[in-house]
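Visitor: my questions are about this predicted structure, shown below with the sequence.
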Amino acid sequence: MTRETYLLSRTALPNSHTLDVYRAHGGYRALEKILKGGYTPAQVIQLVKDSGLRGRGGAGFSTGLKWSFMPDPAKDPRPRYLAVNADESEPGTCKDRVLMEKDPHGLVEGVLIACFAMRVQAAYIYVRGEYRLPHDRVAAAVAEARKAGLVGKNILGTDFSCEIFMHKGAGAYICGEETGLMESLEGKRGHPRPKPPFPAGFGLWGQPTTVNNVETLQNVPFVIDRGPDWFKTMGTPKSPGNVLVGISGHVERPGVYEVPLGLSARTLLEEYAGGIWKGRKLKAWIPGGSSTGLLPASAIDVKMDHDGLREAGSMLGTVSMIFLDETACTVRAMKVISRFYDHESCGQCSQCREGTQWLAQIFARLEHGQGRMEDIELLSSLANGMAPAKTICALADAAAIPTHAIVKNFRAELEAHVTHKGCPLADAHAPHELEEAHA
Amino acid sequence: MTKIILDGREVEADPKKPLIAACHQHAAHVPMYCYHPGLSPVGSCRICQVEVKQGEMPARVTVACRTPVAEGMIVNTEAPKAHEARRQCLEFLLKNHPLDCPICDKAGECDLQDYSFAEGQGQGRSVEPRRKLEKRKSLGDVIVLDQERCILYSRCVRFFEEIPKKAQLTVAGLGSRSYITTFADRPLEGNYQGNVADICPVGALTLKEFRFQARVWNLTKAPSTCGECSRGCSITVEVLRRQEVKRLRPRPNPQVNRYWMCDHGRFSFDGLNTPGRLAGALVRGTRGLEPLEPHTALDALANLMRVHGAPLVVASPWLTQEEGKLLAALAGEATFVSPPPSALKDDLLHTGDPCPNRRGLSELGFAPLAAAEALTKLAGQGFALLVGERIGALLGREALATLPAGLRLVVLDTHPLDVPASELELGVPNAVERTGTWLNVDGIEGRLSIARSAPPGVAPLTRTLEELARRATPAEAAR
C-alpha cells in the first residue's frame, strides 16, 4: 500500500538543498500565499490550529496553540523571538538532520511563516555542534533566501521583515531542552530554567519566545499551502499528518521514513525497515528515543501514536525506534543509556545529578557481574525518587522511565545477571563488543 | 497581601516573594539549600518540596521556592508525599557526600546534617564509590573550598554575581562531574568573601580563620552590632567557652546590612581578645602605676573634678549613646577622636567612616577632632579625661607620652596606657562586654549586648560614670 508523503518529497531530488530546486517544486508558495494573499497573523495561527499539527520535538503539544500563547504586540511591545530547536540529540533520533541536509529551504520557509504568524522579527536556529553539514546547508539556504529577498527587510516587497540567525551548539544534550537552549543561546551554561515563567512570557533575554522543533516547522508550509483539511487526511484524528521515524538497531534497512501516525510498530519494522536482520528474532525495542524505555517483543503490535504508546506504558517521544535482536543484552543497553544520561545531566537538581550517576553505576555493576538482587528494587526506588516532575526539566524523567521499563519488562534478565555474576549473553557477543564492554 | 492556607491556618503572604518565604515567616519548617532569602531563587536543590492545592486542580508536590503565592492556595508542608519527596532528595544528596562530619567545621550548624537528622533515613543504600575531588582548595586569603562536601547549590556563585556584583565563582563541569571553582583558578578578592562561608549550606566553603578553631556547639552567641564603620551592621558575636571571641557573623537586618557584612568587620575581633586587660584601676605612685581599688579610684577622680572643675573629655567614637549622655553631663568640653576615613569605602556596606557612633555622639554635642588636633588641645589643658575603648590607640601611645607631666590626665580604657601624664587609669569593658546603643550613619539604632563578661573589677562604663557623677556633685547639693 502506498501512503502519501510530503516531508521527504523533495529529499531525493538532485541538489534538493538549493533554492532553484526548492522553488521548482512548490517552495515558498505558502509564504507568498500568506504575504500576498492578505492573510493576517491570526488567520495563519488559526490554520495551523485547525490542522491539528502537534510538535515533533517529543512532547507533542499543539503547535497552533503554542503560537497563540505569544502576547499580543499591541499590549506587549517587547521584542519577540522564535528559537528553532535543531539540537537533535536524543539517542536514536536523526530525522531533523535529513530535513536540514536535504531540504533546508523548507525549514527557512517554515520559520518565516511562523515568524509572520507570531509577529516575530528575529529567529535563531540552534543547531547541535556535531551537525556540521546540516548547519552549513541551512546557513547557505538562509544566505540564498536573503539574496532572493526572502529573508531580511521587506520580504517579497511587503512590510514583513524577519532576520534568521544561525547558532551552533557545543554538543550538550541538555541544550536541546527548550529553556536550556535559550540559556545557551544567551551565552550561558545550558542550565534549564524552572517554569513558570514560561518562554512565551519570559524567554530569550527575558522576552516573549517560542521554541519549535525543525520537523514541526517543516510541516507548516505544507499546512498553509494545501490546507488543514488535506493535512488531516493523514495520521489519526488526534495526531494528524506524517512524522519522520528514525529506525536503527538490528534491522535490515535502518533509516528515516515518513509515515502517518497510527500505524502499528510491526508495520514500521516489517514494511519499512525490512524486519530484524540476519533472520533473527526481535527481543526488545525502543519506540521513541532512548528515554522512552525498552519494550518487549510482545508489544510490537502497539499503535504508534501518542495515545497508543501511553497505553503501552511508554511514549511516542521523537518516534525514533531502536530494535534489538535476540542476541542483544537489555542490561547492557541500559548500561549504555544510563551512562548517557549521567554524562549529559546538567547537574542542577539533586535527583538528576546524583540519580543518573547512581543508575549508571548500578547498571554497570550488574552488567559486569557485581550486581546484587536488592539492586533491582533499588533501581525502581531511585527512579521513583527522580521522577515524575521532581526536577526542573525532564532529563531525570528521561533516565527514570527506561529504568522502570527494564525492571518491568526484563526483570528476569536483570536477575540472571545477578545469579550468573555477569552477562549470561556474553558468549554470544562479538569479540569486539566484549572488549568494549570490559574496557 | 495574599491570603493562603498554610498547614490549616489562614495566613498572609507577600505576593512578591516565593511561597517558601511565607512558610518561613509563619514558622512552617521547610528545608532549603539553594534558596537564600537574600539571593535570587533558582529552584535546583529540590528539597523544599511541599504539597500545594490550587483551585480545582489536584494537589501536587512542588518546590516552595519557585512557587508564587496565589489567593486561596492550600499548602501542606507536612503532607506524607512532601516528606517522601524530601527524604528521596536527601538520599541523593548524601550519595556522594563524604560524611566527614566529625572533622567538619560546619557540623552542628550544617543544613545537610540537620535535615538529614530530621527527615533522612538512617542508612544509606549506596555501595558505589564516592566522588573524589579536591578536599582543601585555597580560594585566596579568606576561604577554603572542600569540593567533596559541596552539594552544588550555587549560593556562593549567586552571591558574588548579585551582591558585590562581580562574578568570581562558577560551576564547572557537567552533571555528577560538576564542581565549584573560580574563574581561571584566580584567588577570590574583595571585602565580602567571608559571606560565602556563612551562606554555604554545608561545610564546603569555610573560613581559613575559623577552620579547626572551635566546635560550634561550644560557642555562645549574642546579638550585637559591628563597630568597624558607621554602617553598624547587625552581627552575632560568638565566644568560645565564654572567653575568646572566635567569630563575628552577620545577623539579618533588612534596614542595615540585609544578610551580609564585610571581611574587615568580620575579622576585627583580634582587638577584642588582646590579653593584658586593665582589670580594676591604677594610680600613679612612687613606683609608677600601682593597682588601686576601683571605688577608691573613683573617689580620687571625683576629687580631681571638684578641685579642677569639669575636664576636657576626649572620647572614643565607640562610646554608646547611654555612655555619651552621662559623659557629656560631666564634661567641660566634650570631643571625640575622628580617625581619617578608610579606603575600604564601597557602595555596598562599608561607609569609609571608622566611627560607629559618630552620628550619636555628634547629636549629643561631642565635637569631632582629628588625633593631632586632640593632642594639641590636650597639651594646653590642666585636666583631661580620655574615655572609651581604643582611645589610647586612636591618639597614639607615643604621642600621648609627650604630653606635659603637669597635665592631670585620667584614662578610662580597656588596656593600661601608662604614659607619664596619666595619673589615674580605670578599666572599661569593650564592645562585646557591655550593652548600649550606637546610631549608624542613617540614624538607625544598633544594639550591643553582652557576649562575655568583662574582666574582674571592670564595671560597665555607664555605672562608673553614674558613680562618678554622684561623687563629684557637692555633698550639699546631693542632700
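Guide: Cool, got the structure.
Visitor: from here on, contacts and neighbour counts on C-alpha atoms
Guide: Noted.
Visitor: show the contacting residues for whichever residue of chain B sits closest to chain A.
Guide: With Cα to the nearest Cα, the shortest gap between chain B and chain A falls at B:G175, namely 3.6 Å. With contact set as Cα atoms under 8 Å, 6 or more residues apart in numbering or on different chains, B:G175 has these partners: A:342-348, A:353.
Visitor: and those residues, which is closest to chain B?
Guide: A:G347 (3.6 Å).
Visitor: checking that closest one next. Helix, strand or coil?
Guide: coil (DSSP: H, G, I helix; E, B strand; the rest coil).
Visitor: returning to what we had before: for the residue of chain B closest to chain A, which non-adjacent residue is closest in space?
Guide: Spatial nearest neighbour of B:G175, excluding adjacent residues (Cα to Cα, 6 or more residues apart in numbering or on different chains): A:G347 at 3.6 Å.
Visitor: need the contacts of B:G175 in JSON lines (columns: neighbour count and pLDDT).
Guide: Converted to JSON lines, those look like this (neighbours: other Cα atoms under 10 Å in any protein chain shown; pLDDT from 0 to 100):
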{"residue": "A:D342", "neighbour count": "28", "pLDDT": "96"}
{"residue": "A:H343", "neighbour count": "20", "pLDDT": "96"}
{"residue": "A:E344", "neighbour count": "20", "pLDDT": "96"}
{"residue": "A:S345", "neighbour count": "27", "pLDDT": "96"}
{"residue": "A:C346", "neighbour count": "27", "pLDDT": "95"}
{"residue": "A:G347", "neighbour count": "27", "pLDDT": "94"}
{"residue": "A:Q348", "neighbour count": "30", "pLDDT": "94"}
{"residue": "A:R353", "neighbour count": "28", "pLDDT": "96"}
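Visitor: out of those residues, who's nearest A:R97?
Guide: A:E344 (20.5 Å; Cα to Cα).
Visitor: ok, how many other residues are close to A:S89?
Guide: With neighbours defined by other Cα atoms under 10 Å in any protein chain shown, the count for A:S89 comes to 19.
Visitor: doesn't it lie inside a strand?
Guide: No: judged by three-state DSSP, A:S89 forms no part of a strand; its state is coil.
Visitor: assess the claim that it and A:Y173 are in contact.
Guide: Yes: contact criterion Cα atoms under 8 Å: A:S89 and A:Y173 qualify, at 5.6 Å.
Visitor: residues touching residue 207, list them.
Guide: All of this refers to chain A. If you count contacts by Cα under 8 Å, 6+ apart, then A:Q207 has A:78-81, A:199-201 around it.
Visitor: switch to chain B, that's the one I care about
Guide: B:142-144, B:194, B:197.
Visitor: now, those residues that are in helices?
Guide: Counted as lying in helices by DSSP state H, out of the contacts of B:L207, are B:A197.
Visitor: burial check on whichever residue of the stretch 151-300 of chain A sits closest to chain B, number of neighbours?
Guide: Per Cα to the nearest Cα, A:P194 is where the stretch 151-300 of chain A lies closest to chain B, at 6.8 Å. By other Cα under 10 Å, the residues close to A:P194 number 17.
Visitor: separation between it and B:E423?
Guide: If you measure A:P194 against B:E423 using Cα to Cα, to the nearest Å, the figure is 70 Å.
Visitor: list the buried residues in stretch A:30-49.
Guide: A:30-32, A:34-35, A:41, A:44-49 (16 or more other Cα atoms under 10 Å in any protein chain shown).
Visitor: any idea how chain B splits into domains?
Guide: B:2-93, B:125-212, B:281-478 (automatic domain parsing).
Visitor: of the buried residues of stretch A:30-49, closest to chain B?
Guide: Distances from chain B to these, taken by Cα to the nearest Cα, are shortest for A:K49, at 25.7 Å.
Visitor: any buried residues in stretch A:377-393, and which?
Guide: A:378-380, A:382-387, A:390-393.
Visitor: that should have said stretch B:345-354, apologies.
Guide: Here stretch B:345-354 shows B:349-354 as buried, counting by 16+ other Cα under 10 Å.
Visitor: next: stretch A:76-85.
Guide: For stretch A:76-85, using 16+ other Cα under 10 Å, the buried residues are A:79-85.
Visitor: next: stretch B:327-341.
Guide: B:327-328, B:330-331, B:333-339.
Visitor: show me which pair in these is furthest apart.
Guide: Checking the buried residues of stretch B:327-341 with Cα to Cα, the most distant pair is B:L330 and B:P339, at 23.9 Å.
Visitor: direction included, what does the longest strand seen in chain A pair up with?
Guide: Longest strand of chain A, by residue count under DSSP state E: strand A:242-249. Take DSSP bridges as the rule and strand A:242-249 pairs in its sheet with strand A:255-260 (antiparallel), strand A:320-325 (parallel).
Visitor: dump the buried residues of stretch A:76-85 into CSV; add pLDDT, distance to chain B and secondary structure as well.
Guide: Converted to CSV, the buried residues of stretch A:76-85 look like this (pLDDT from 0 to 100; distance: Cα to the nearest Cα, whole Å; DSSP: H, G, I helix; E, B strand; the rest coil):
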residue, pLDDT, distance to chain B, secondary structure
A:P79, 96, 25, coil
A:R80, 96, 24, coil
A:Y81, 97, 24, strand
A:L82, 98, 25, strand
A:A83, 98, 23, strand
A:V84, 98, 24, strand
A:N85, 97, 21, strand
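Visitor: max pairwise distance over those residues: which two?
Guide: Pairwise over the buried residues of stretch A:76-85, using Cα to Cα, the maximum falls at A:P79 and A:N85, 19.4 Å.
Visitor: any idea whether the closest residue to A:M386 other than its chain neighbours is helix, strand or coil?
Guide: Nearest residue to A:M386, sequence neighbours excluded (Cα to Cα, 6+ apart): A:Q351, at 5.1 Å. Three-state assignment for A:Q351 (three-state DSSP): helix.
Visitor: contacts for stretch B:289-298, please.
Guide: B:280-284, B:418, B:423-424, B:426, B:457, B:464, B:467-468, B:471.
Visitor: name all residues that make contact with A:A265.
Guide: Neighbours of A:A265 in contact, by Cα under 8 Å, 6+ apart: A:287, A:300-304.
Visitor: point out where chain A drops to low pLDDT.
Guide: A:1, A:427-439 (pLDDT under 70).
Visitor: please repeat the previous calculation with a cut-off of 50.
Guide: Along chain A, the model assigns pLDDT under 50 to residues A:434-435, A:437-439.
Visitor: near chain B, which residues of it? Just list them.
Guide: A:193-194, A:196, A:342-351, A:353-355, A:357-358, A:361, A:378, A:385, A:390-392 (Cα under 8 Å from any Cα of the partner chain).
Visitor: just the buried subset of the contacts of A:A265, please.
Guide: A:287, A:300, A:302-304.
Visitor: quick one: which of those residues is nearest to B:L386?
Guide: Nearest to B:L386 among the buried ones among the contacts of A:A265, with distances taken as Cα to Cα, is A:P287, at 86.4 Å.
Visitor: these two touch, right, the closest one and A:I322?
Guide: Yes: in this structure, A:P287 is within contact of A:I322 by Cα under 8 Å, at 6.9 Å.
Visitor: narrow the buried residues of stretch B:327-341 to those in helices?
Guide: B:327-328, B:330.
Visitor: could you redo those residues as TSV and give each row pLDDT?
Guide: Below are these laid out as TSV (pLDDT from 0 to 100):
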residue	pLDDT
B:L327	97
B:A328	96
B:L330	94
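Visitor: export those residues to TSV and tack on distance to chain A?
Guide: Listed next are these as TSV, based on distance: Cα to the nearest Cα, whole Å:
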residue	distance to chain A
B:L327	58
B:A328	58
B:L330	63
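Visitor: I'd like those residues written out as CSV, with distance to A:G275 added.
Guide: Formatted as CSV, these follow (distance: Cα to Cα, whole Å):
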residue, distance to A:G275
B:L327, 100
B:A328, 100
B:L330, 105
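Visitor: fine by me, thanks again.
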